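Enquirer: Below: sequence and its predicted model.
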Amino acid sequence: MAAGCAAQQPPTAAPPAAPAGFEPAAAAASPAWPGQGWYRGFGSEELDALVDFAVGHNADLAQAGERVAQADARARQAGAPILPSVSADAGANYLAGHSAQGAGHELDWLAMPSASYEVDFWGKNRAAAHAALLEAGASRAERATVQLTILGAVADEYFDVLALRERLAVARSNQEAAQGILAAVEARFGAGLASPADAALQRAARDRAQIAVADLARQETQARAALALLLGRMPEDFEVSGSSLDSLSEPVVSAGLPSELLMRRPDVAAAEANLRAASADLTAARAALFPSLALTAAAGIQNPALPGTVLTIAGAGPSLSLAASLTQPIFDHGRLLAQRDEAAARERELLVAYRAAILAALVDVENALGALQQLDATRSFQQGSLEDSTRAFEGARLRYEHGAGDLLTLLEAQRALYEARDQFIQYRLARLEALVGLCKALGGGWRAPDAAAAARGSGGQHASS
């Protein structure tokens, strides 16, 4: 019995200790945690509208919301046994018979409410209700994780569409340049100043430019369709008005302490809630090994007033019934012990999952900060490559047009310029996607409900989801 009264046991091993700080130097700056409207920091009204639309229409997010409703309903079900259950019974039974000794008939009826209650000595019902509440909290955190993932995907796809349109414009510009050079080569060939090989070489360069345009146009169409899917819209007649990344700004985001990160990641909160629910389930499984006491009471009017095998009071009148039952499992072929062992193994599994969620959160932030740090380090090289390639192409084109340069040098300069412009667009896209990744890694403005309530009570500026 003493074992049955034992309090809920905490997890058998502590989660890994959070490091004192993140490795990239950017993490040492004053923290600027992303807010719930982190996507508005990119300065695009179109992106804001797309994200808001996705919140209300994305299919995965809608399913996650229904899973929350299911978890809440299960929590209400699990909490019901804590209080007595009350029901009303009414019935009638007519009896009639005939024999040589005579005939008779009787109408028995009753109308009475009844109540039953299981005395929760060992905390089984309370533990089950607590586990269900924790699972409902985990479901809410999982929905927040889905929402953060969806919103990040919408931003990434939107940026990808704009980058592809910008790359497509560069490819068309390169195609026009290749066509212009081809006209100059053919003119020189007609004047006997260029060889047939030069003309064929430039036609091949023009064809490659046309292929690049077609390939980028196909990718842009696929990216728009993927964005429409995230929004829960049909891809037909879905348009994006933006055409380049130039109108976007970069929000200021940095990480604070790793220990605070654990209160800002909904996936970590979900893993912790699932672990605590498993501990409560284990408490309930242990309590099921001990006796259960059930009390029942019924009172009302019935006929006969006291039906009994030995004593019967005929006639209609008030009636009262009280009962108590004590049940102790004796032999069930190890079923209850197996249920306890299953709950214990489930708790150990979720402890490992909780530790893994913490490590994954820390790794996500390290990767996001490292990516931004590396992109910052290459910014000047990206800009320098674009400027040098532009000057080299203009010089080679002028020299060729004046007969002082050769075609191969011009073609190499054109190829280098196109690659530099295309690479610079992809670099800007990578920076925007890295910022989105950092906002997601830092929790996207989500905070654990307890932490959010404390922040509101102390005048904090962060809101909970």
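Expert: Now that the structure is in, tell me what you want to look at.
Enquirer: what's the neighbour count on Ala163?
Expert: 25 (other Cβ atoms under 10 Å). All C-beta spots, glycine's among them, are computed from the backbone N, C-alpha and C.
Enquirer: typo on my end, Pro449
Expert: Neighbours of Pro449 (other Cβ under 10 Å): 14.
Enquirer: and if you look at Ser254?
Expert: Neighbour tally, Ser254, other Cβ under 10 Å: 19.
Enquirer: just Gly232 next, same as before
Expert: Neighbour tally, Gly232, other Cβ under 10 Å: 15.
Enquirer: residues touching the nearest residue to it once chain neighbours are set aside, list them.
Expert: In space, Gly232 comes closest to His57 once its chain neighbours are excluded; the distance is 3.6 Å by Cβ to Cβ, 6 or more residues apart in numbering. Counting by Cβ atoms under 8 Å, 6 or more residues apart in numbering, His57 touches Leu231, Gly232, Arg233.
Enquirer: residues contacting the second one?
Expert: Right, the one you point to is Gly232. Contacts of Gly232 by Cβ under 8 Å, 6+ apart are Phe53, Ala54, His57, Asn58, Ala59, Ala62.
Enquirer: same deal with Phe53?
Expert: Phe53 neighbours (Cβ under 8 Å, 6+ apart): Leu231, Gly232, Arg233.
Enquirer: Phi, psi for the first one please.
Expert: According to degrees, to the nearest 10, the main-chain angles of Leu231 amount to phi -80, psi -10.
Enquirer: just checking, it touches Asn58?
Expert: Yes - if you go by Cβ atoms under 8 Å, Leu231 and Asn58 touch, sitting 6.8 Å apart.
Enquirer: hmm, back to that, and the contacts of His57, which is closest to Leu257?
Expert: Leu231 (35.7 Å; Cβ to Cβ).
Enquirer: all strands for this protein, in order.
Expert: 85-99, 102-119, 292-303, 317-327 (DSSP state E).
Enquirer: how about those in JSON lines, adding mean neighbour count?
Expert: Output for the strands of the chain, formatted as JSON lines (neighbours: other Cβ atoms under 10 Å):
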{"stretch": "strand 85-99", "mean neighbour count": "10"}
{"stretch": "strand 102-119", "mean neighbour count": "13"}
{"stretch": "strand 292-303", "mean neighbour count": "16"}
{"stretch": "strand 317-327", "mean neighbour count": "11"}
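Enquirer: Check the gap between the residue nearest to Gly232 and Val146 for me.
Expert: Between His57 and Val146 the distance, using Cβ to Cβ, to the nearest Å, works out to 14 Å.
Enquirer: ok, the contacts of Gly232 vs Asp406, which is closest?
Expert: Ala54 (53.6 Å).
Enquirer: What does the pLDDT read for that closest one?
Expert: Per-residue pLDDT puts Ala54 at 94.
Enquirer: wait, isn't it in contact with Leu229?
Expert: No - assessed by Cβ under 8 Å, Ala54 is found out of contact with Leu229, at 10.2 Å.
Enquirer: In terms of neighbours, single out the busier of the two.
Expert: Ala54 (22 against 16).
Enquirer: got the contact list for that one?
Expert: By Cβ under 8 Å, 6+ apart, the neighbours of Ala54 are Leu61, Ile150, Leu151, Val154, Leu230, Leu231, Gly232.
Enquirer: got the phi/psi numbers for the last one?
Expert: Backbone torsions of Gly232, given as degrees, to the nearest 10, read phi 70, psi 30.
Enquirer: ok now stretch 124-139, how far from the chain's centre?
Expert: 21 Å (Cα atoms, centre = their mean, to the nearest Å).
Enquirer: do stretch 256-265 as well
Expert: For stretch 256-265, the distance to the chain centre is 17 Å (Cα atoms, centre = their mean).
Enquirer: what does stretch 153-173 give?
Expert: 26 Å.
Enquirer: how much space between the nearest residue to Gln339 once chain neighbours are set aside and Glu349?
Expert: Spatial nearest neighbour of Gln339, chain neighbours left out: Ala285 (5.1 Å); criterion: Cβ to Cβ, 6+ apart. Ala285 sits 15 Å away from Glu349, going by Cβ to Cβ.
Enquirer: which one of these two has more residues nearby?
Expert: Ala285 (23 against 13).
Enquirer: Just the helices from this structure, written as ranges.
Expert: Secondary structure of the chain (DSSP state H): helices at 45-57, 59-79, 124-190, 196-231, 258-261, 266-287, 335-401, 407-441, 449-457.
Enquirer: what would these look like in TSV with distance to His105?
Expert: Formatted as TSV, these follow (distance: least, Cβ to Cβ, whole Å):
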stretch	distance to His105
helix 45-57	67
helix 59-79	45
helix 124-190	46
helix 196-231	73
helix 258-261	80
helix 266-287	51
helix 335-401	49
helix 407-441	78
helix 449-457	66
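Enquirer: State the distance from Ala32 to Glu366.
Expert: 17 Å.
Enquirer: Kindly report the same for Ser116.
Expert: Ser116 is 56 Å from Glu366, by Cβ to Cβ.
Enquirer: Which residue would you name as the spatial centre of the protein?
Expert: Val146 (1.9 Å; Cα atoms, centre = their mean).
Enquirer: hang on, the earlier thing: among Ala32 and Glu366, which residue is more densely surrounded?
Expert: Between Ala32 and Glu366, Glu366 has the larger neighbour count (other Cβ under 10 Å), namely 18 against 14.
Enquirer: Looks like the more buried one contacts Phe22 (just checking).
Expert: Yes - taking Cβ under 8 Å as the definition, Glu366 is a contact partner of Phe22 at 5.9 Å.
Enquirer: quick one: contacts for Ser44?
Expert: Tyr158, Gly242, Ser247, Leu248.
Enquirer: who's in contact with the nearest residue to Asn125 once chain neighbours are set aside?
Expert: Of all residues not flanking Asn125 in the chain, Pro81 sits nearest, at 4.4 Å (Cβ to Cβ, 6+ apart). Applying Cβ under 8 Å, 6+ apart to Pro81 gives the contacts Glu118, Asp120, Asn125, Ala128, Ala129.
Enquirer: Out of those, who's the most crowded?
Expert: Ala128 (24 neighbours).
Enquirer: just checking, that residue touches Leu282?
Expert: No - Ala128 lies out of contact with Leu282 (Cβ under 8 Å); the separation is 11.1 Å.
Enquirer: which of the contacts of Ser44 count as buried?
Expert: The neighbour-count test (16 or more other Cβ atoms under 10 Å) marks Tyr158, Gly242, Leu248 as buried among the contacts of Ser44.
Enquirer: Next one, pLDDT for the second one please.
Expert: Predicted confidence (pLDDT) at Gly242: the value is 89.
Enquirer: what's the neighbour count on the residue nearest to it when sequence neighbours are not counted?
Expert: With sequence-adjacent residues excluded and distances taken as Cβ to Cβ, 6+ apart, Gly242 is closest to Leu162, at 4.9 Å. For Leu162, the neighbour count with other Cβ under 10 Å is 27.
Enquirer: Who are the contact partners of Leu162?
Expert: Counting by Cβ under 8 Å, 6+ apart, Leu162 has contacts Val240, Gly242, Ser243, Ser244, Leu245, Leu248.
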